[in-house]
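Enquirer: Have a look at this prediction, sequence included:
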Amino acid sequence: MKKLLTATAATALMASTAFAAEEVKIGIILGFTGPIESLTPSMADGAELAIQEVSDSGMLLDGATVTPVRADSTCIDAGAATAAAERLITSDGVSGIVGADCSGVTGAILSNVAVPNGVVMISPSATSPALSDAEDNGLFFRTAPSDARQGAVITEILMDQDIKEVAVTYTNNDYGKGLADSFQQAFEAAGGTVTISAAHEDGKADYSAEIGALASAGGDRLVVAGYVDQGGSGIVRAALDSGAFDTFHFPDGMISEKLLENFGSEIDGSSGAHPSPSEELSTAYADLVDGRFDSSSPFTPESYDAAALILLAMQAAGSTDSSDYKTKVMDVANAPGEKISVGELAKGLEILKNGGEIDYEGATGVELIGPGEAAGNYREINFEDGEDKTARYR
């Protein structure tokens, strides 16, 4: 009888384990409404592409399927973002989170939800330098670089174009202030002059007062560290209509098809940049996407990589528990190990299953440094004939 009970118990345990491995849920929390809502659909599609690739492979934890669960961060409402993230964990039962997107809500979710609940989150787009020092219990990573790097890149671009004097306007939040400060420090260290660095609020109908102050200070170009679906575009429209500025530099929060829809050839002569893989990696990712969504939209390949890293780390740990796999994220992202390219997640999963090591390169040439953030490559853009044209990668 004892043997029978033991066998029965073992069978039940095996069934329970198999059932637990049947479905793994991954949260995707991005601003599907709000000031970057034109960017987030492609970002979510990128994350879900990696999730589908892993699920279809049947290689994760002996055949687990993976299901994405979307939630809206709003990008700007910390309370709403925190509540949405809480639901992902307590109601939906996700085992990891891709997101959030904007830096302020990402910090709020990290401190109020991810850390208290012990859940890994990997942001594809939160770039505030302040997040590098956030108390995260080893749970937070990002496949986008810090804006400390972006400030240096903007400086290089402007100096190469012999732009030595600029005005700066930034959206009044963690992202905007952090980027504006990083840029000003780098630009002035390189010998440039920032005539004014002034915040603007999103959601206003009239930005004439802000433009008046910027115009009075002057500058050869206006750096707009804002959001394309919100105040950033309002600032640009007011500047163009008043004649205060006719060329701009657009950081990552302004780069999307929406910018061209809004302004077309009116912004010819302007510059821009956003985190992006090399041309070779961009082509490989575009081939994998195969036209299903806009593979070149900012932070879309970073979203693929964020989801991939969570799932590869789970495989390396043999567990969906964040306390187990959080220590594996840096391991699978960096050398040593066999290089794993975009579209090769099944290969990576198999190597890890067999006890091997991988160096995940993915869609963006992933290399996580410091507290677990991307080292960062940028696509430099020139605006010509109503189009954004790649100038180079930095």
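Expert: Everything's here; your move.

Enquirer: The host helix or strand of Asn382 packs against which elements?
Expert: In the assignment (DSSP states H and E), Asn382 maps to strand 378-384. When contacts are defined as 3 or more C-beta pairs under 8 Å, 6 or more residues apart in numbering; DSSP states H and E, strand 378-384 packs onto helix 147-160, strand 271-275, strand 387-393. C-betas here are computed from N, CA, C, even on glycine.

Enquirer: okay, the ones you listed, which one's buried deepest?
Expert: Greatest average neighbour count among the helices and strands packed on strand 378-384 goes to strand 271-275 (a mean of 24), per mean count of other C-beta atoms under 10 Å.

Enquirer: Which secondary structure elements does it sit against?
Expert: Short answer (3+ C-beta pairs under 8 Å, 6+ apart): strand 271-275 packs on helix 147-160, strand 248-250, strand 378-384.

Enquirer: got the angle between that strand and helix 147-160?
Expert: Calculated by axes from the mean of the first three to the mean of the last three C-alpha atoms, to 10 degrees, strand 271-275 forms an angle of 150 degrees with helix 147-160.

Enquirer: Pairing partners for strand 271-275, with directions?
Expert: Strands that pair with strand 271-275, judged by DSSP bridges, come out as strand 248-250 (parallel), strand 378-384 (antiparallel).

Enquirer: tell me the most buried of the ones you listed?
Expert: With a mean of 25, the top stretch among the strands paired with strand 271-275 by mean neighbour count (mean count of other C-beta under 10 Å) is strand 248-250.

Enquirer: what does that strand rub up against?
Expert: With C-beta atoms under 8 Å, 6 or more residues apart in numbering as the test, strand 248-250 has contacts from 154, 157-158, 163, 166, 221-224, 236, 239, 259, 267, 270-273, 381.

Enquirer: Following element in sequence after it, please.
Expert: helix 257-263.

Enquirer: May I have that following helix as PDB, with CA atoms only?
Expert: Taking C-alpha atoms only, helix 257-263 is exported to PDB below (Å, rounded to 0.1, in the frame of the first residue of the first chain):
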ATOM      1  CA  GLU A 257       6.000  57.900 -38.700                       C
ATOM      2  CA  LYS A 258       3.700  60.400 -36.900                       C
ATOM      3  CA  LEU A 259       6.500  63.000 -37.000                       C
ATOM      4  CA  LEU A 260       6.600  62.900 -40.700                       C
ATOM      5  CA  GLU A 261       2.800  62.800 -40.900                       C
ATOM      6  CA  ASN A 262       2.600  65.900 -38.800                       C
ATOM      7  CA  PHE A 263       5.300  68.000 -40.500                       C
END
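
Enquirer: returning to that earlier point: please convert the strands paired with strand 271-275 to TSV, extending it with mean pLDDT and distance to Phe32.
Expert: Listed next are those as TSV, based on pLDDT from 0 to 100; distance: least, C-beta to C-beta, whole Å:
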stretch	mean pLDDT	distance to Phe32
strand 248-250	98	22
strand 378-384	96	24
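
Enquirer: Strands of the stretch 201-350 of the chain, start to end?
Expert: Taking DSSP state E, counting those that start in this stretch as the criterion, the stretch 201-350 of the chain contains strands spanning 221-225, 248-250, 271-275, 338-341.

Enquirer: For Ser297, which of the ones you listed is the nearest?
Expert: strand 271-275 (9.3 Å; C-beta to C-beta).

Enquirer: Pull up the gap between Pro41 and Pro116, please.
Expert: Taking C-beta to C-beta, to the nearest Å as the measure, Pro41 falls 30 Å from Pro116.

Enquirer: Same drill for the two, tell me which one is more crowded.
Expert: Pro41 (15 against 12; other C-beta atoms under 10 Å).

Enquirer: So the more buried one belongs to a helix, correct?
Expert: Yes. Assignment of Pro41 by DSSP: H, G, I helix; E, B strand; the rest coil places it within a helix.

Enquirer: So it sits against Ile28, correct?
Expert: No. Between Pro41 and Ile28 there is no contact under C-beta atoms under 8 Å: 11.1 Å.

Enquirer: With distance to Arg392 added, can I get the strands of the stretch 201-350 of the chain in a markdown table?
Expert: Converted to a markdown table, the strands of the stretch 201-350 of the chain look like this (distance: least, C-beta to C-beta, whole Å):
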| stretch | distance to Arg392 |
| --- | --- |
| strand 221-225 | 18 |
| strand 248-250 | 15 |
| strand 271-275 | 10 |
| strand 338-341 | 23 |
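
Enquirer: wait, which of the ones you listed is closest to Glu367?
Expert: Using C-beta to C-beta, the strands of the stretch 201-350 of the chain put strand 338-341 closest to Glu367, at 11.7 Å.
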